[in-house]
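**Student:** Fold the following for me, if possible:
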Amino acid sequence: MTFLLLLPVVLSALLQAAHLFRWLGPAGLVALVPLALLASRRRAAARALQALLVLAALEWLRAMVALVEERAAIDQPFGRLVIILGAVALFTGLSALVFQAPPLARRYTPATRE
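**Tutor:** Predicted coordinates:
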């Protein structure tokens, strides 16, 4: 069950890595490094991943605006671009919410000390 809940996070990281790979080459694969935080059970790891996912969603929106401006400048259609990149940004942003699901909230909650 945990794997299925984390699948949107992994897919979002893969999409972001592909996006960065396009612009940065192999250095763009650094976007996959934060996935190592999934192995940790610390709350800070979950919060860091959430923050990175929100930043990734903002990057998708920035890229969308830049590409729309480019296409508009050369009188090319951009409607599909807005729909696709908007959906990717929404998916990436919503992926940050999976850590609020009860199974993941329990997984990433610090154990009580006695």
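
**Student:** what's the helix or strand hosting residue 72 packed up against?
**Tutor:** Using DSSP states H and E, residue 72 maps to helix 43-73. Where contact means 3 or more CB pairs under 8 Å, 6 or more residues apart in numbering; DSSP states H and E, helix 43-73 is packed against helix 2-24, helix 79-95. Just so you know, the C-beta spots here come from the backbone N, C-alpha and C atoms, and that holds for glycine as well.

**Student:** What are the buried residues along the next helix-or-strand element following the shortest one?
**Tutor:** Spelled out, it's helix 79-95. Next helix or strand after helix 79-95 toward the C-terminus (DSSP H and E): helix 102-107. Of the residues in helix 102-107, 104, 107 count as buried by neighbour count, 16 or more other CB atoms under 10 Å.

**Student:** list the helices and strands helix 102-107 packs on?
**Tutor:** Contact analysis of helix 102-107 by 3+ CB pairs under 8 Å, 6+ apart lists helix 2-24 as its packing neighbours.
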